[in-house]
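Participant: Sequence unavailable; structure follows:
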């Protein structure tokens with residue numbers, strides 16, 4: 001049987017590594033990892049991946065606490081190998097979608113997008129962890145292939161309702177965003193409706209943000225009503241309004257969207 005991590009590594013090698021002629025190390029800015037950690041709602045670690053070698057060039061944060069692997073011993077192969085076969089198959093689908101999305105961007109536009117999705121694994125204590133993966137290209141080769149990418153993995157297990165296997169592309173510098181893209185469609189849907197980052201933050205009221213924080217922790221409507229001293233019907237109305245505002249099908253998508261836009265940080 002093919003080693004689980006090889007499925008992902010071979011995909012990356014075919015799309016990135018085989019098209020990068022030269023190895024160039026990335027000169028990290030000292031504040032880069034510090035700034036990355038400031039905007040994450042939980043334990044996290046970040047690393048720079050060199051796609052020519054498929055090697056981690058720099059890693060900082062709560063690596064061992066989350067993965068059980070020392071930072072000095074972590075490789076991209078070991079990182080993928082802690083996933084179950086099911087999660088690895090999902091990761092292949094997600095990364096194939098990512099590649100299709102970036103292949104449709106000009107080199108200049110590729111640097112204007114951050115991608116985000118979730119994955120799960122069982123740690124050394126037998127606890128299932130839900131991780132939020134965020135990644136942004138840092139450099140491109142002369143032929144427009146991504147050479148270095150900054151990735152941030154954040155433990156969001158405390159948001160108990162997250163069961164989202166969709167991928168979002170967050171536009172930077174005024175570029176439109178594409179939320180909740182389905183990786184099982186085989187590629188990026190050209191009919192996906194673009195939206196703008198930050199829209200949801202401005203639409204939600206203070207009370208709605210209070211409710212979504214409690215929903216994210218897995219509280220039921222009657223429990224939220226008791227905590228906030230509201231009628232259960234009022235909580236239901238707020239939830240329905242938030243789903244409409246975010247174009248979400250369920251609470252899991254709503255929580256994911258709020259994480260993407262920084263509502264829950």
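Facilitator: Good, I have the coordinates. Fair warning: this is a prediction, and the values are worked out from it, not measured in the lab. Numbers count the residues shown, from 1 in each chain.
Participant: what about the longest helix anywhere in the chain, average pLDDT?
Facilitator: Among the segments of the chain that qualify as a helix by DSSP state H, the longest is helix 85-103. Summarised as a single mean, pLDDT over helix 85-103 is 94.
Participant: cool, and stretch 4-20?
Facilitator: Along stretch 4-20, the predicted confidence averages to a pLDDT of 90.
Participant: Centre of the chain to that stretch, how far?
Facilitator: Taking Cα atoms, centre = their mean, to the nearest Å, the mean C-alpha location of stretch 4-20 is offset from the chain mean by 20 Å.
Participant: which residues does the closest residue to residue 137 other than its chain neighbours contact?
Facilitator: Computed as Cβ to Cβ, 6 or more residues apart in numbering, the closest residue to residue 137 that is not its neighbour in sequence is residue 146, at 4.5 Å. Where C-beta positions appear, they are placed from N, C-alpha and C, glycine not excepted. Residue 146 sits next to 16, 51, 102, 110, 137, 139, 140 when contact means Cβ atoms under 8 Å, 6 or more residues apart in numbering.
Participant: How about the longest helix of the chain, which residues are buried there?
Facilitator: Buried residues in helix 85-103, counting neighbours by 16 or more other Cβ atoms under 10 Å, are found at 87-88, 90-102.
Participant: cool, and stretch 108-124?
Facilitator: Applying a neighbour-count criterion of 16+ other Cβ under 10 Å, one finds 110, 111, 112, 113, 114, 115, 116, 117, 118, 119, 120, 121 buried in stretch 108-124.
Participant: In a helix, residue 258, correct?
Facilitator: Yes: looking at residue 258 with DSSP: H, G, I helix; E, B strand; the rest coil, it is inside a helix.
Participant: follow-up on the earlier one: the residue nearest to residue 137 bridge partners, please.
Facilitator: Following DSSP bridges, residue 146 is listed with bridge partners residue 140.
Participant: Then residue 47?
Facilitator: Listed by DSSP bridges, the beta-bridge partners for residue 47 are residue 59, residue 151.
Participant: tally of neighbours for it?
Facilitator: When counting by other Cβ atoms under 10 Å, one arrives at 23 neighbours for residue 47.
Participant: From residue 61, how far out is it?
Facilitator: Here the distance between residue 47 and residue 61 works out to 8 Å (Cβ to Cβ, to the nearest Å).
Participant: returning to what we had before: quickly check the contacts of residue 146 for the two that are furthest apart.
Facilitator: Largest separation among the contacts of residue 146 by Cβ to Cβ: 102 and 139, giving 13.6 Å.
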